[in-house]
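got a structure for you, letters missing:
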């Protein structure tokens, strides 16, 4: 489910309306004949809320696994959301013998919607220093957020200094070091090895900000490699983690999914 679809739903005020894994069901979709190694096993998953009522909307993130504890083996499948409270899962029978099918409710649609609403409020505290005098100011890549949620009326537009990446600060001027500008400053005949480590910070904002930054880096990398045949560029994606302090109930998988989607989108011309 896209962000736009997630935000169509109003904030949930009761846990009773949220999907409950313990009340939901999974049924095997019978296949004709004997299941052999390499065959696909299909299941139908029906979600129910905490009151035991069947869900009529989709958006939950579910995962399906085939497990064999005696062999310490696990095979992950795929799950299709039908947007009506039911899901179809499919996993390959990777080995013979007795195995167990496990479905896991990774995130409810309500949790995902809440994350999208909260992410734009993440801010940077920047330090502006001149001589022995320094002051701390608040910065954000979205001007509307600074004005709406933090009531700032005097804002410095640092977009130009930030190589075209939108960046606004409360009155004091603060410039972030941009990867794109550093690439542009590499000489045409320099035998350079460039390592770009894309960290997690911008994913805490609206994903369009992360995608815009990636497109800028892509343009600068392409320009560098075109004019400098000696340069080599290595890109490391953001590492994953078990949890994040501001979203303790959201573990690494949802963030990783967003990273992969936006990196793939940004790689296209």
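In hand now; what should we look at? Computed from a predicted structure; not experimentally measured. Numbering: from 1, shown residues only.

Quick check: residue 217 is in a helix.
Yes: according to DSSP: H, G, I helix; E, B strand; the rest coil, residue 217 belongs to a helix.

I figured it hits residue 197, correct?
No: Residue 217 is not in contact with residue 197 according to Cβ atoms under 8 Å; the separation is 11.4 Å. Where C-beta positions appear, they are placed from N, C-alpha and C, glycine not excepted.

where do the strands sit along the stretch 1-150 of the chain?
Using DSSP state E, counting those that start in this stretch, the strands of the stretch 1-150 of the chain run over 25-29, 40-46, 61-68, 73-76, 78-81, 86-92, 100-107, 124-130, 133-140.

any chance of the ones you listed in JSON lines, plus mean neighbour count and distance to residue 221?
Listed next are these as JSON lines, based on neighbours: other Cβ atoms under 10 Å; distance: least, Cβ to Cβ, whole Å:
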{"stretch": "strand 25-29", "mean neighbour count": "12", "distance to residue 221": "45"}
{"stretch": "strand 40-46", "mean neighbour count": "17", "distance to residue 221": "39"}
{"stretch": "strand 61-68", "mean neighbour count": "18", "distance to residue 221": "32"}
{"stretch": "strand 73-76", "mean neighbour count": "14", "distance to residue 221": "32"}
{"stretch": "strand 78-81", "mean neighbour count": "16", "distance to residue 221": "32"}
{"stretch": "strand 86-92", "mean neighbour count": "18", "distance to residue 221": "37"}
{"stretch": "strand 100-107", "mean neighbour count": "16", "distance to residue 221": "33"}
{"stretch": "strand 124-130", "mean neighbour count": "13", "distance to residue 221": "25"}
{"stretch": "strand 133-140", "mean neighbour count": "15", "distance to residue 221": "25"}
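
Kindly reformat those as JSON lines containing mean pLDDT.
Compiled in JSON lines, these are given as follows (pLDDT from 0 to 100):
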{"stretch": "strand 25-29", "mean pLDDT": "92"}
{"stretch": "strand 40-46", "mean pLDDT": "94"}
{"stretch": "strand 61-68", "mean pLDDT": "91"}
{"stretch": "strand 73-76", "mean pLDDT": "89"}
{"stretch": "strand 78-81", "mean pLDDT": "94"}
{"stretch": "strand 86-92", "mean pLDDT": "95"}
{"stretch": "strand 100-107", "mean pLDDT": "91"}
{"stretch": "strand 124-130", "mean pLDDT": "74"}
{"stretch": "strand 133-140", "mean pLDDT": "76"}
